[in-house]
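Peer 1: Have a look at this prediction, sequence included:
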Amino acid sequence: MTPGTMVGPDHKVCTGCGETKPLDAFYRLRLGLGGRHAKCKPCFRTRMVMTDGYADRKRARAALYRAVKSNWIRRAKVCSACRKEALTHGHHDDYSKPLDVRWLCKPCHDKHHRGDEYGRHDDADSTRGAAANDGESRGFYGKVGC
C-alpha cells in the first residue's frame, strides 16, 4: 500500500513508518485523509522530539507573534536584505533572543534558508513596488517600544 492511503473505512497507512494502523492511532486533522494526520501518533511525536530546537523555535515565534499583536514591535514594511517594500517575515538568527529578528520578504527568507545569497529578485508577486526611504531602509531589527 502507498503510505498515507486509506485501507478500508477504518485503517490508514502511516507515511512515517509505512505500517497499516486503525484510524484512532492517528491524531485528528479535519482536512486530512479520513479526518486524520498522515503520520501515526508515535511517528508524529518522534518528529517533534527529534527536530532540533523545536521547543525553542516555537517559544520564540510565539513571543514575537504576541509582541507584534500587542504593538511592542512593529513589522517592517521594507525587507532588510533587498530593500524592497513587501510583506515581511521575522527571521530569528538566535532563538534565545525571541524579539531580535531580521525582517525579510518571502523570497529573501527562502533564499536564506536554502543558503543562497540575499539580494535582488524579480518575483513581482511578493513585492509591492520600490522601497520608500523613510528611515527603514536598513530594516527593523525588533527594537522594543518603537
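Peer 2: The structure has been received and is ready for your questions.

Peer 1: what about the closest residue to residue 16 other than its chain neighbours, how many residues close to it?
Peer 2: Leaving aside its sequence neighbours, residue 16 sits nearest to residue 43 (CB to CB, 6 or more residues apart in numbering; 2.9 Å). Placement of C-beta: from N, CA and C, glycine included. By the criterion of other CB atoms under 10 Å, residue 43 has 20 neighbours.

Peer 1: ok, now how distant is residue 43 from residue 13?
Peer 2: Counting by CB to CB, to the nearest Å, the separation of residue 43 from residue 13 is 11 Å.

Peer 1: And residue 46, by the same measure?
Peer 2: For residue 46, the distance to residue 13 - CB to CB - is 17 Å.

Peer 1: Looking at these two, which one has more neighbours?
Peer 2: Taking other CB under 10 Å, residue 46 and residue 13 do not tie; residue 13 has more neighbours (19 against 14).
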